[in-house]
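1. Predicted model and sequence below, questions to follow.
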Amino acid sequence: MSDQDGTVTDVRDTDVRDEVPSVSELENEGDVAADFIEGLLDIADIDGDLTLDVRQGRAYVSVDADDDALRLISEPDTVQALQELTRLAVQSKTGAFSRLILDVGGSRDARRQQLEKLVDLAVVKLEEGASQASLPSMSSYERKLVHDIVADRGLVSESYGEGPTRHTVIRRA
């Protein structure tokens with residue numbers, strides 16, 4: 001997205017809403033997202049159970065199924081792509097920016113565990129004398145999870161870089 005002066009802004013790291021959405025607005029986002037995802041599952045002939053929730057000012061949609069095909073779409077990059085498509089569908093229907101989170105087959109919990117392990121490795125580097133430890137580039141949602149994990153461990157973290165190279169650096173408090 002370009003500003004009037006031609007400056008490019010990465011809108012993925014900014015919340016374009018002026019106000020925090022109400023619970024009923026988030027529930028509506030979840031309903032619209034669930035309808036969209038059900039349509040995709042029908043096209044792919046996958047039987048799935050959808051769970052809707054509202055957490056931390058975001059609509060959460062979880063898809064669970066025993067179908068082997070669901071395992072194929074629970075890869076992190078695929079879930080991220082489906083989440084972006086779902087957000088676009090919600091925005092198209094509601095006219096409002098969406099920050100919904102999509103979880104497929106527990107992929108978000110699995111990714112959180114991976115991020116906790118990355119933070120553990122960074123903590124080891126700090127304990128061995130490093131002044132800071134950098135993590136690989138990741139999405140804004142994943143960086144938020146890392147910031148929360150790091151804070152829980154009494155450390156400090158900041159994000160650096162722009163766009164796809166944006167990453168988190170961890171330091172002692």
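-> Sure, I can see it. Residues are numbered from 1 along each chain as shown.

2. now the strands for this protein?
-> 49-55, 58-64, 101-104, 133-134, 155-160, 167-172 (DSSP state E).

3. Can you tell me the strand partners of the fourth one and which way each runs?
-> Read that as strand 133-134. Sheet pairing of strand 133-134 (DSSP bridges) gives strand 167-172 (antiparallel).

4. so what's the closest residue in space to G161 that isn't next to it in sequence up against?
-> The spatial neighbour of G161 that comes closest, neighbours along the chain excluded (Cβ to Cβ, 6 or more residues apart in numbering), is H167 at 5.5 Å. For the C-beta atoms, the positions are set from N, CA and C on the backbone; glycine is no exception. Each residue near H167 by Cβ atoms under 8 Å, 6 or more residues apart in numbering is listed here: 134-138, 143, 159-161.

5. Low-confidence stretches in the protein?
-> Across the chain, the ranges flagged by pLDDT under 70 are 1-18, 67.

6. Helices of the chain, start to end?
-> With DSSP state H as the criterion, the chain has helices at 23-43, 68-72, 76-94, 107-127, 140-152.

7. I'd like the ones you listed laid out as CSV, including mean neighbour count and distance to V61.
-> As requested, these are arranged in CSV below (neighbours: other Cβ atoms under 10 Å; distance: least, Cβ to Cβ, whole Å):
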stretch, mean neighbour count, distance to V61
helix 23-43, 17, 5
helix 68-72, 13, 14
helix 76-94, 16, 7
helix 107-127, 15, 11
helix 140-152, 17, 14
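
8. possible to save those as JSON lines with distance to A59?
-> Formatted as JSON lines, these follow (distance: least, Cβ to Cβ, whole Å):
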{"stretch": "helix 23-43", "distance to A59": "4"}
{"stretch": "helix 68-72", "distance to A59": "21"}
{"stretch": "helix 76-94", "distance to A59": "8"}
{"stretch": "helix 107-127", "distance to A59": "13"}
{"stretch": "helix 140-152", "distance to A59": "13"}
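
9. Indicate which one of these is closest to R171.
-> Minimum separation from R171 across these (Cβ to Cβ) falls at helix 107-127, 7.5 Å.

10. which residue of this protein sits farthest from its center?
-> The outermost residue of the chain, judged against the average C-alpha position, is G129 (31.6 Å), by Cα atoms, centre = their mean.

11. related to what we said a few turns ago, as TSV, the strands of the chain with distance to I149 would be great.
-> Shown next, in TSV, are those (distance: least, Cβ to Cβ, whole Å):
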stretch	distance to I149
strand 49-55	16
strand 58-64	18
strand 101-104	16
strand 133-134	13
strand 155-160	9
strand 167-172	10
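
12. Fine by me, thanks again.
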